[in-house]
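A.B. asks: I need the structure of the sequence given here:
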Amino acid sequence: MRRSASNRRSSVFTLAALTITATAGCGGNDIGSIGFGGNAGASALDAAADSSDAKGGASGAGGAANAGGAGRDAGLGGTTGGANDAGSDSNRGGASDADAGNAGGAGGASGGGGAEGGVADVTSEGGAGGSAGAGGTSGAPGDASRDVSIDAVDGTTVDVRSDSSDGGICPIDNAACSNGGSNGLCKAHICVPCVDGAAPGGDDTRCATAYGGDYLCLGGACTPGDCRSNGDCTLSTSGPLCHIVQPNFCGKCDADAQCLALGPTAPVCNTITGQCVGSNGSCLAQLDNTQCTINGADVCCSSVCSLGDCCPGSVGDQLCKMRLANNSAVCSAGHQCTTCDTAAGLTFLVDPIGGSDGAGTGSGTSGGQPNAGCAFKTISRALQAIGANPAVGTVIQVKNTGPVSVGSNGETFPLNLTANVTVTASGGTVTITPPANQVGFILGSGGAGINGALGGGSILIDGGGHTAYDGVGVTTGSTAATSLQNVTIQNFLREGIRVANGGVLTIKQGVTVTQSGTTSGRRSGLLVTGTGHVSINVAAGQATTAFNGNTMHGIQVEGTGSVSILGALAGPTSTIECRGNAVAGLAIAQTPGTNLPANSIDGVLSFGATIGNGLRIEGGSNVKIRNSSILGNNASGIAVVTWVSGASRNNVLAGIDLGKPSDPGNNVLQTSGGQDPNQGAGICLQMDENSGTLSAQGNAFSGGKNCAATAASLTFNSGNCNGNRDLGLIPSGGGSTNGNDIDVSLCTHP
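C.D. replies: Numbering: from 1, shown residues only. Below you'll find the predicted structure:
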């Protein structure tokens, strides 16, 4: 049966092995209430059932209508019953929703049993409750086009975008509201996630108005803050650096290393004002080899403040010989008195345990002999000594003598890598742990990157038990030469990798992003938002790059962001994989509009989403899928759903390409039982009626049917996506599936 239509932008995942019986109850007489019949037969809602359409028992008679309660209180619900359905509150014991200040009447309990009692599916209606009792209204099926779903593991709500939503009803547009525990905005009387970014397309200003003071829309939630990157702090009186004092707030510097990320024009911290200033003239009227007035950690050399205690040259060398009482002492290029050798070539060593940020030069040797104290102690000091304009191919090599963190070696975070600098490791795995509420690395320069294997070791960036924000943030100023390779990023509170507006990143082989977010605050492994772009290219024979085991999606694209992904698929494996993510392996939800950048996905394995689909695409997106394997997911292989934001809906299929007549998809989207099939359908189309035909020609389905080579008839249902079918349709928004279809030529469907 179908339930009352709702304005909620949500979808519900049914729980496994849920059997419901109910007793008779009273029907509600208020707009906000829903009465259900009672004394029905046993429910067919059971994820363990087969794909047959079992029918439940007959519904009992509904009780008589009762008067509504006072104020906004919902009427008392009856015994728990009914399908988990986005259009009703049946998963809250049959109680009615409080609506627009009116009280709901006392709701009767749901009858048992309903149609479509097959395998629980994110994109289908589960077994529904019995017929509505007196005073009750009919309802819509579960809608996978939007956000809320029941986590089959712990029962928490999850959102397919950036934050969970409970679809709360609210009276005034752009007012503050609780969106599944996150700060949402009211739109068309529904509490929904905000849109990242500034006006006109983003909700930053609306968040600030709704919540008062400094707020931004970050990851779909109104969040305290006034900056996303250093560029947002250029005119701020609070300071020039974003995230320096607290996440997403501008703050003042206290060391030159913090200013270096702003670029070569302002690498010196004036510790009196907290502002970053230019080098030239920063110590006018001061003598060389004297302490800078504006920063006591700097020395004045040729009217320029530089971190250190001497000026390179004969005068500085002589000063150092006296200071260190050693005739071998010199003033290094890094302005330090030292007996260490000059770093050879473009490689600078960091030793977190034995290194020295005072006397170290990055060479690791003294008089040609190994000397740990001649390496730097921190990456931030190495960046400082290298300077603002390093040569192409400059490398900071971190030895695995100990962890890199604030507490262990005094590291400064975030580590803002300057242009042409690559951080690598030697001697084993180097673990880098940023502090709570901080970001590990910021990549905002061309040629900046991380490659753990370049020095023969490996790099692990760890969020410290989900206390640090993001592992890597990519911002404006980055280019296609900004890259990640051979690095593991894990256990962050937010995304492992976040590519923000204007960010550009290339991801190569050997990158693993896992365990992003928590079940109470789900996040994706890689988030591409705003106008960000990510290219992931891993050829056959290279180390696998994986986005596995994240609490929301493996890879998520929003706004006008885009990805270009090219892997090499070989049977059940690929060089690019998304395994065991919760809601979807990949999710493409571009904001509909003209001239959207294309998303290209080729040669990817998306396997075993624990709650949802292998790949989720929302209407209006521009995406092409080829040569990929999408199997073993708890729901469907590919779900194509209506894009919904408040009252706005988009069902445009023109830019969604799963296979064309002259360019077959060659994607494996469904298999037979025992071969890791998708529990729902291979392709599930859930759109408003008359949305048109989805192009999905030349793909492979159950029974070894290869529609690129041979005509065959595929299994199909026009009303659900249950039961390991090849194809299914589901109505979106309470309508029908009329006017919707999937073109799977050379194959056909009933």
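
A.B. asks: and the spatially most central residue of the chain, what is it in contact with?
C.D. replies: Centroid-nearest residue in the chain: residue 524, 3.1 Å away (criterion: Cα atoms, centre = their mean). Taking Cβ atoms under 8 Å, 6 or more residues apart in numbering, we find residue 524 in contact with 495, 516, 517, 547, 550, 552, 553, 554, 555, 556, 581, 587. Backbone N, C-alpha and C define where each C-beta goes, glycine included.

A.B. asks: most neighbours among the residues you listed, which one?
C.D. replies: residue 553 (36 neighbours; other Cβ atoms under 10 Å).

A.B. asks: what is the burial count for residue 276?
C.D. replies: 25.

A.B. asks: hmm, I typed the wrong one, I wanted residue 288.
C.D. replies: By other Cβ under 10 Å, neighbour count at residue 288 equals 17.

A.B. asks: then residue 458?
C.D. replies: Residue 458, neighbours per other Cβ under 10 Å, totals 19.

A.B. asks: which residues of the chain fall in helices?
C.D. replies: In the chain, the helices defined using DSSP state H lie at 204-211, 256-259, 314-324, 379-386, 406-409.

A.B. asks: how many residues are close by residue 632?
C.D. replies: Counted with other Cβ under 10 Å, residue 632 comes out at 21.

A.B. asks: wait, it touches residue 676, no?
C.D. replies: Yes: assessed by Cβ atoms under 8 Å, residue 632 is found in contact with residue 676 at 3.9 Å.

A.B. asks: show me whatever sits in contact with both of those two.
C.D. replies: 607, 608.

A.B. asks: for residue 512, give the beta-bridge partners.
C.D. replies: residue 488, residue 546 (DSSP bridges).

A.B. asks: same check, this time on the one 5 residues further on
C.D. replies: Each beta-bridge partner of residue 517 is listed here, defined by DSSP bridges: residue 522.

A.B. asks: measure it to residue 525 for me?
C.D. replies: Using Cβ to Cβ, to the nearest Å, residue 517 is found at 9 Å from residue 525.

A.B. asks: which neighbours do these two share?
C.D. replies: Here residue 517 and residue 525 have 495, 550 as joint contacts, going by Cβ under 8 Å, 6+ apart.

A.B. asks: what's the burial count for residue 255?
C.D. replies: Counted with other Cβ under 10 Å, residue 255 comes out at 18.

A.B. asks: and it, what does it touch?
C.D. replies: Contacts of residue 255 (Cβ under 8 Å, 6+ apart): 269, 271, 297, 380, 412.

A.B. asks: quick one: which of these is nearest to residue 181?
C.D. replies: Set against residue 181, the nearest of the contacts of residue 255 by Cβ to Cβ is residue 412 (33.0 Å).

A.B. asks: burial check on that closest one, number of neighbours?
C.D. replies: Close neighbours of residue 412, defined as other Cβ under 10 Å, add up to 18.

A.B. asks: quick check: which ranges of the stretch 501-650 of the chain have low pLDDT?
C.D. replies: In the prediction, the stretch 501-650 of the chain carries no residues with pLDDT under 70.

A.B. asks: do the same with the stretch 251-400 of the chain
C.D. replies: 261-264.

A.B. asks: mind listing the strands for the stretch 351-500 of the chain?
C.D. replies: 365-366, 369-370, 394-399, 415-417, 421-426, 429-432, 441-443, 449-451, 458-462, 472-474, 483-485, 487-490, 497-499 (DSSP state E, counting those that start in this stretch).

A.B. asks: need the winner for burial among the ones you listed.
C.D. replies: Neighbour counts (mean count of other Cβ atoms under 10 Å) averaged over each of the strands of the stretch 351-500 of the chain peak at strand 497-499, with a mean of 29.

A.B. asks: mind listing what that one pairs with, with the direction of each?
C.D. replies: strand 472-474 (parallel), strand 526-528 (parallel).

A.B. asks: just put the ones you listed in JSON lines and tack on distance to residue 596.
C.D. replies: Shown next, in JSON lines, are those (distance: least, Cβ to Cβ, whole Å):
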{"stretch": "strand 472-474", "distance to residue 596": "20"}
{"stretch": "strand 526-528", "distance to residue 596": "13"}
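
A.B. asks: and of the ones you listed, who's closest to residue 642?
C.D. replies: Using Cβ to Cβ, the nearest of the strands paired with strand 497-499 to residue 642 is strand 526-528, at 21.6 Å.

A.B. asks: list the buried residues for the closest one?
C.D. replies: By 16 or more other Cβ atoms under 10 Å, the buried positions in strand 526-528 come out as 526, 527, 528.

A.B. asks: shouldn't residue 457 be in contact with residue 427?
C.D. replies: Yes: assessed by Cβ under 8 Å, residue 457 is found in contact with residue 427 at 5.7 Å.

A.B. asks: perfect, I'm done here.
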